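1. Here is my input, please return the structure:
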Amino acid sequence: MSRVVLDVNVIVSAFPSPDGVPATIVRYGLSGAFESVTSEHILHGVERAWSKPNFRERYSGIEARVALRILRQRTIIVEPSRVAIGVADDLEDDLVLGTAIAGQAIYLVTGDRGLLKLREYQGIEIVPPQEFLFTLL
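-> Here you go, the predicted structure:
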């Protein structure tokens, strides 16, 4: 089964917008279509994003806590590899790459332009959500 890392921006937009591409991808992952791999680094990024005012208007604190609990229970959590330090534009992106390496992911799904411009790293395909969704259908 394919292992996939979903970046913060994919997860963050999935839960408050249940009809979008990111939400469809998350549902596929939670239903077992692929093994979802994450790290505490990514989950903390999700938590920080959901605590911002623009998300709090659409997604309550209780909903965020429930979603994070589900993610922690239904994903493989790894410690990011330090191999990728200095590869991306910033440390945050390096740690997302490190999560994909440590989790032996085949795909890293992201909307981050800095990561997307890499296209591939150590055999991991870096793709936008729409492109990844086509691989699932």
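2. helices and strands around the helix or strand harbouring L115, which ones?
-> Element membership of L115, judged by DSSP states H and E, is helix 113-116. For helix 113-116, the packing partners by 3 or more Cβ pairs under 8 Å, 6 or more residues apart in numbering; DSSP states H and E come out as helix 91-102, strand 124-127. The way it works is simple: take the backbone N, C-alpha and C, and place the C-beta from them, glycine included.
3. Give me whichever of those is most buried.
-> Scoring these by mean neighbour count under mean count of other Cβ atoms under 10 Å gives helix 91-102 as the most buried, with a mean of 22.
4. Excluding its own residues, what touches that helix? List them.
-> Defining contact as Cβ atoms under 8 Å, 6 or more residues apart in numbering, one finds that helix 91-102 is touched by 5, 7-8, 37-39, 41-42, 45, 78-88, 105, 108, 110, 112, 114-115, 118, 121-122, 124.
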